[in-house]
Every structure is written in C-alpha cells, then in structure tokens.
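Peer 1: quick one, structure for this:
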Amino acid sequence: MKRSGSADLPLHGGHVPKWLSERMAKLGLAITESIITEYGKAEILRRLSDPFWFQSMGAVMGMDWHSSGITTSVMGALKRAINPKAKELGIYICGGKGKYSRQTPAELIAFGERTGIDADNLVRASKLSAKVDNTAIQDGFQLYLHSFIVSDTGDWTVVQQGMRENSSTARRYHWHSDSLKSFVEEPHTGIIGINQGNILNMVAKEALPAQQGIMNISKEDPLKIISEVQHLILPDHHNVTGKDIDIKRLGTLLWLAHDTQPKDFEELLLLQGLGPRTLQSLALVSEVIHGTPSRFKDPARFSFAHGGKDGHPFPVPTRVYDETINTLQTAVERSKLGNADKQQAIKALTKIAQRAEKDFIPQDNVEQLIEKERSESWKYGGKTVFGDAKPPQKIQKNSQLNLF
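Peer 2: The predicted model follows:
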C-alpha cells in the first residue's frame, strides 16, 4: 500500500452557500473530465491521493485555502457531480461524512455488481485504511469522514479526515492503491507533523517488540514500519500572506493574464475573447489539471483563481467563475468530438507561464495584489457568505453624482 501523505488543517465552521456549492460541482466535474480526457482515469485517482494537489484543487474551487472544510466540501461536490456520470467517466465516489461514511461498503458492493469488479476486496481496503489511521496510529485524531474513490478497473483512492478535539485541528489522510503490497507491511510512506506529544503508533519501527507480543497472544499478523512522507501543515491564520505564496509563480500567471498580448503566444489565439481576469483564473485551473507535483507546494496561490467564500484572500468572482466553467466544459465537449484545439490551448497556459518563470521579476507584493482584487471584486460579481461585494466608497459617490 502506498499512501501519498497527510495534512494538518485548522478546523473551520460555517457553511458553503448554494451559489458556491453548485459552481464547485460544475468546476470539479470539468477539471475531472479534462484530466481523464488528457491523462486517463488512473491519473485523477493519483491526483486525489496527493495532499498538496487536493488542497490546491480546493483553493481553485473557491474554498478557504487552508481550512478543514476543503475536504468535506470538495469531496461532496465531486460526488454530486461525478456519480451521475460514473458509467461514462469510469470512476465512482463512495462514502462521505458521518453516516455517509458507513454507507461505503453497500455502495462498493452495488458498484461491483454494475461493473463486475471484486467488491469484497474493495470493502476490505476501505475498512483497513480506516482502521490503520484510526486505530493502529493513535495520534488523537478520530475519523469522521471517509471517501472512497474507485475506478471500473478496481483502482482506488481514499481521502479521509479525523478531528482532534483539544487542538482545534483536523488531519486528512490520503491513500492510493498503486503499488499495493500489504496493509501490514510498510503501509505508509510516512507521517510527519507537528509534535503533539507521545502517541501509540503500532506501525512504527520501534513498535516491533510490541507487535511480536501481540502476535504471540492473538496470532494476528503484525503491523510494521513508518518512515517518511510529504506532509502539509497549514497555519492558523485565515488571511493569505506573502509567506504562504510563491510570488514569482503567482506573478508570472498575472503577467500572462494581464500584460501579454496574443502575438506573444500564438497557442492562445483559440482563447481570444476571454477577459484578462478570466484568463488569470483559467491559468491557475490549467495548472491544477496539467501541473506536476512540485507545482502544488503553495496551495494558497490557487486561491487567486476564485477567491474564498469568507472573503480571503478576496470575494468569489462569480462571473469569472462561470466563464471559467463554461470554457472548460466547452473544451471537454469539443475534445470528445475529436476537436482538441481548445483543450490544448488551455494546456498551453501552464507551459507558457512556466517558461516565463525563469527570468520573471515580480513587481508587486501579495498584499498589493489582494487589495487590487478586493477593490475590483464588485466588477466580477464578487460574493462571500456575508453578502455581495460593494464598490469602493469613492466609486459609489461618483455613481450617485452621475445620477443627477
């Protein structure tokens, strides 16, 4: 078993408003279809098993870039959007939060009956992945969400999350069926996080004597070994700051969207007609679809696509969000009909930005960029859970004067 990593996240309350949840489902489906069309369904499973990519995906969908709510909201949106098209896409999402997590075995059995894959093994994998993270590693995090993503070829990914009551944090665990060997022999690539004191870790190397004792008593196979892992630890602060972002990478994307003319990148002529603000969002979405793992070490950067529901770093620009969804959906549909020009143009956004990064010198800092986005949010239908974005007072006064 290869597990791709885990993530520690601050607990967040609140809800996802309907205007955002509906858009998240549409964008999530469009991104999923784009990845499957370009790279195959095995790749979307691999992506979902990467905690950094998952966090970046949540940020580009308009969720608060560092909160625990990304897990439940992203998986809920994907399940609503993907499952009705499971036969066409070849993937299906089971489980969820609370009582829905307990429905996973029944959902897997039903999926197995429809596809002919071995549902019993899938149910076993679901239960064991939860047992390892909830019981074999007693780190104080109790699982409350378990999502099992499976393909019609039997490959799977698990995204599950636990809560630690006295620390106001949640921990997300990612599993991937690729290179499966054994659930009891080096099941993790490792877990590294903030030291929270002594824990009972029955998959640690040091636990071998205890494992041997358990074997002698219960005749059960031992659990073994933990080494290294990529681990994402997100800060307590809600706002986006300069230290959370690779400003050179973000600046290149902004340059691409706002300063470069079509003559500088002929590959993008097929995307003419999009405004610079939509191109900025589309460039970040393009990287979520086509970027390599090293591109997702600063998930906060992806919140510059569609902001966040609580207004951090800025309100969600709903008009831009809708245009991004429409562009991706059109590209996917045209690709299905054998015309991949628009799909390739979107892919080119990532390539052009990466080529420019080497010699790019940012002119602005993160705070200036955030202030600009906030002041212009009203132009793009900016929304938060607190209401609609308003024009700056100076603009409002001028507008009132023009009425008379």
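Peer 1: confirm His312 sits in a strand?
Peer 2: No - under the criterion used here (DSSP: H, G, I helix; E, B strand; the rest coil), His312 is coil, not part of a strand.
Peer 1: can you give me phi and psi for it?
Peer 2: For His312, the backbone dihedrals (degrees, to the nearest 10) come out as phi -120, psi 120.
Peer 1: just Ile149 next, same as before
Peer 2: Dihedral angles (degrees, to the nearest 10) for Ile149: phi -100, psi 120.
Peer 1: any idea how far it is from Gly90?
Peer 2: Using C-beta to C-beta, to the nearest Å, Ile149 is found at 11 Å from Gly90. In this view, the C-beta of every residue, glycine as well, is placed from N, C-alpha and C.
Peer 1: compare the two (neighbour count), which wins?
Peer 2: Ile149 (24 against 18; other C-beta atoms under 10 Å).
Peer 1: that one against Trp156, yeah?
Peer 2: Yes - at 6.3 Å, Ile149 counts as touching Trp156 under the criterion of C-beta atoms under 8 Å.
Peer 1: list residues touching both of the two?
Peer 2: Residues touching both Ile149 and Trp156 by C-beta atoms under 8 Å, 6 or more residues apart in numbering: Leu45.
Peer 1: got the phi/psi numbers for the nearest residue to Glu287 once chain neighbours are set aside?
Peer 2: The shortest distance from Glu287 to any non-neighbouring residue, by C-beta to C-beta, 6 or more residues apart in numbering, is to Thr350 (4.9 Å). When read as degrees, to the nearest 10, the backbone of Thr350 gives phi -60, psi -40.
Peer 1: show me what contacts Thr350?
Peer 2: 283, 286-287, 289-291.
Peer 1: what score does Glu323 have for pLDDT?
Peer 2: pLDDT for Glu323: 89.
Peer 1: packing partners for the strand or helix carrying Ala125?
Peer 2: Assigned by DSSP states H and E, Ala125 belongs to helix 119-131. Contacts defined by 3 or more C-beta pairs under 8 Å, 6 or more residues apart in numbering; DSSP states H and E place helix 119-131 against helix 104-115, strand 142-151, strand 156-164.
Peer 1: redo that, cut-off 6 Å
Peer 2: With contacts taken as 3 or more C-beta pairs under 6 Å, 6 or more residues apart in numbering; DSSP states H and E, helix 119-131 sits against helix 104-115, strand 142-151.
Peer 1: how many neighbours does Asn134 have?
Peer 2: 18.
Peer 1: spit out the contact partners of it.
Peer 2: Counting by C-beta atoms under 6 Å, 6 or more residues apart in numbering, Asn134 touches Leu143.
Peer 1: from Tyr173, how far out is it?
Peer 2: The value you get for Asn134 to Tyr173, if C-beta to C-beta is used, is 9 Å.
Peer 1: same check, this time on Glu367
Peer 2: Per C-beta to C-beta, Glu367 is found 34 Å from Tyr173.
Peer 1: out of those two, which sits in the more crowded spot?
Peer 2: Neighbours were counted for Glu367 and for Tyr173 using other C-beta under 10 Å; Tyr173 has more, 27 against 13.
Peer 1: hang on, the earlier thing: now do the helix holding Ala125 against strand 156-164, angle only.
Peer 2: Using axes from the mean of the first three to the mean of the last three C-alpha atoms, to 10 degrees, the direction of helix 119-131 lies 30 degrees away from that of strand 156-164.
Peer 1: quick one: contacts for the nearest residue to Gln142 once chain neighbours are set aside?
Peer 2: Once flanking residues are discounted, Gln142 sits nearest to Gly162: 5.3 Å by C-beta to C-beta, 6+ apart. If you count contacts by C-beta under 6 Å, 6+ apart, Gly162 has them with 141-143, 171.
Peer 1: tally of neighbours for the nearest residue to Pro17 once chain neighbours are set aside?
Peer 2: Counting by C-beta to C-beta, 6+ apart, Pro17 lies nearest to Val385, which is 5.7 Å off, once chain neighbours are set aside. Neighbour count of Val385, defined by other C-beta under 10 Å: 16.
Peer 1: same check, this time on Gln142
Peer 2: A total of 13 residues lie near Gln142 under the criterion other C-beta under 10 Å.
Peer 1: next: Tyr380.
Peer 2: By the criterion of other C-beta under 10 Å, Tyr380 has 25 neighbours.
Peer 1: wait, it sits on Tyr321?
Peer 2: No - applying C-beta atoms under 6 Å, one finds Tyr380 not in contact with Tyr321, separated by 8.6 Å.
Peer 1: give me the pLDDT value at Pro276.
Peer 2: On the pLDDT scale, Pro276 is placed at 69.
Peer 1: quick thing: my sequence starts at 24, can you match it?
Peer 2: With the count now opening at 24, the last piece we talked about shows up as Pro299.
Peer 1: any weak-confidence spans in the stretch 74-223 of the chain?
Peer 2: Scanning the stretch 74-223 of the chain with the threshold set as pLDDT under 70 gives 88-91, 159-162, 189-190, 202-223.
Peer 1: please enumerate the strands of this protein.
Peer 2: 25-33, 114-120, 160-161, 165-174, 179-187, 192-199, 223-224, 254-256, 339-340, 405-407, 410-411 (DSSP state E).
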